[in-house]
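Novice: next input, structure requested:
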Amino acid sequence: MSLHLVCGDGAAEALRRAVADGVLTEKKIRVMPDDLAVGPLGDVDQPPCQQRATFWHALGGEALQERAIASELASDATWLRNPDAASITLWHGDSASEQLLLRRVCALLPAHVSVRSVGAGSGQCRSEDRHAIAMLKPVELANALAASHELDAAERQRLGADWQQALAQNAELRLWLDGQLSGTGYTHIDRILLDSASESWRPVQSLIGPTMAYVDGLFVSDLLAAWRLREQVAAGVLQLRGDDFWKNAEVRLA
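Specialist: As a prediction, this is how the structure comes out:
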């Protein structure tokens, strides 16, 4: 059996559209939702993955409180070591998480399972020019698949070593820039967030929007941007008011 492997629900939906349009024939898709570019990786490959699950629950708050994140993470780690597939087509664009998933697969997947690498990005993640799989049209996905190739043992070993390096470094953030992965801290996001703040009260969306748009090296989700905003409030850098964070909250420099 073969299947498509993607990072995130948005990428899976893009592939489903391509299947519906008839440009992809293999219909089975497995989604790995973890944003590997963000947060501690210490136990991500070691079920029950409680440390990483705790991080995501803290970051997501109410939005993720009903998710059984530890079970999801443990299931993914176990599956990668013993997949129900003889071949995997792995899709990756300019998302740091997609690039990390590629490397994680190469580190954990048994050697007898073949991996077809479908690259569909520009090779970097600059805010002015980047393409995650979720952003691509069916014809673009079809073109990427046509240009794909099966990874040989040497490539898998090299990419797997990148994953082991990311685990060992265990940075707060992992960036994909100019064809390279590198680690950095949350200040990489915070400086963009704070650039949009002023001494006057502004809607929280006026900070979250630019943070999602203009951070280079990774795709910042609304939950991640909101978490960094709340962390700046907790640190006394920002002030926050309003009874509903997403509807009427406002923020200003403290």
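Novice: tell me which strands and helices whichever helix in the chain runs longest is in contact with?
Specialist: With DSSP state H setting the assignment, residue counts place helix 153-169 as the longest helix in the chain. Under the contact criterion of 3 or more C-beta pairs under 8 Å, 6 or more residues apart in numbering; DSSP states H and E, helix 153-169 touches helix 96-108, strand 180-184. C-betas here are computed from N, CA, C, even on glycine.
Novice: so which of those comes closest to P33?
Specialist: Smallest distance to P33 across the helices and strands packed on helix 153-169 (C-beta to C-beta): 9.6 Å, for helix 96-108.
Novice: using CSV, list the CA coordinates for the closest one.
Specialist: Coordinates of each C-alpha in helix 96-108 appear next as CSV, following Å, rounded to 0.1, in the frame of the first residue of the first chain:
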residue,chain,number,x,y,z
ALA,A,96,9.8,24.8,8.1
SER,A,97,7.5,22.3,9.6
GLU,A,98,7.2,20.5,6.2
GLN,A,99,11.0,20.5,5.9
LEU,A,100,11.3,19.1,9.4
LEU,A,101,8.8,16.4,8.7
LEU,A,102,10.8,15.3,5.7
ARG,A,103,13.8,14.9,7.8
ARG,A,104,12.0,13.2,10.7
VAL,A,105,10.5,10.7,8.2
CYS,A,106,14.0,9.9,7.0
ALA,A,107,15.3,9.5,10.5
LEU,A,108,12.5,7.2,11.8
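Novice: which element follows the longest helix of the chain toward the C-terminus?
Specialist: strand 173-177 (DSSP states H and E).
Novice: what about the helices in this protein?
Specialist: With DSSP H, the ranges of helices along the chain come out as 9-20, 50-60, 69-81, 96-108, 138-146, 153-169, 187-195, 205-214, 222-234.
Novice: buried set for the second one?
Specialist: Translated: helix 50-60. Residues of helix 50-60 classed as buried by neighbour count (16 or more other C-beta atoms under 10 Å): Q51, R52, A53, F55, W56, L59, G60.
Novice: any idea how far the first one is from W176?
Specialist: Which is Q51. Here Q51 is placed at a distance of 24 Å from W176 (C-beta to C-beta, to the nearest Å).
Novice: same check, this time on the fourth one
Specialist: Using C-beta to C-beta, one obtains 20 Å as the distance from F55 to W176.
Novice: now swap in the last one and tell me
Specialist: In this structure, G60 and W176 are separated by 23 Å, where distance is defined by C-beta to C-beta.
Novice: I figured L253 hits R202, correct?
Specialist: No: L253 is not in contact with R202 according to C-beta atoms under 8 Å; the separation is 9.8 Å.
Novice: CA atoms only: put the longest helix of the chain into PDB for me.
Specialist: Taking only C-alpha atoms (Å, rounded to 0.1, in the frame of the first residue of the first chain), the coordinates of helix 153-169 have been written out as PDB:
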ATOM      1  CA  ALA A 153      19.800   5.600   1.100                       C
ATOM      2  CA  ALA A 154      22.400   8.400   1.100                       C
ATOM      3  CA  GLU A 155      19.800  11.100   0.900                       C
ATOM      4  CA  ARG A 156      17.700   9.600   3.600                       C
ATOM      5  CA  GLN A 157      20.800   9.300   5.900                       C
ATOM      6  CA  ARG A 158      21.800  12.900   5.300                       C
ATOM      7  CA  LEU A 159      18.200  14.200   5.900                       C
ATOM      8  CA  GLY A 160      17.800  12.000   8.900                       C
ATOM      9  CA  ALA A 161      21.000  13.500  10.400                       C
ATOM     10  CA  ASP A 162      19.500  16.900  10.000                       C
ATOM     11  CA  TRP A 163      16.600  15.800  12.200                       C
ATOM     12  CA  GLN A 164      18.900  14.400  14.800                       C
ATOM     13  CA  GLN A 165      20.700  17.700  14.900                       C
ATOM     14  CA  ALA A 166      17.500  19.600  15.400                       C
ATOM     15  CA  LEU A 167      16.600  17.300  18.300                       C
ATOM     16  CA  ALA A 168      20.000  17.800  19.800                       C
ATOM     17  CA  GLN A 169      19.800  21.600  19.400                       C
END
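Novice: done for today, thanks.
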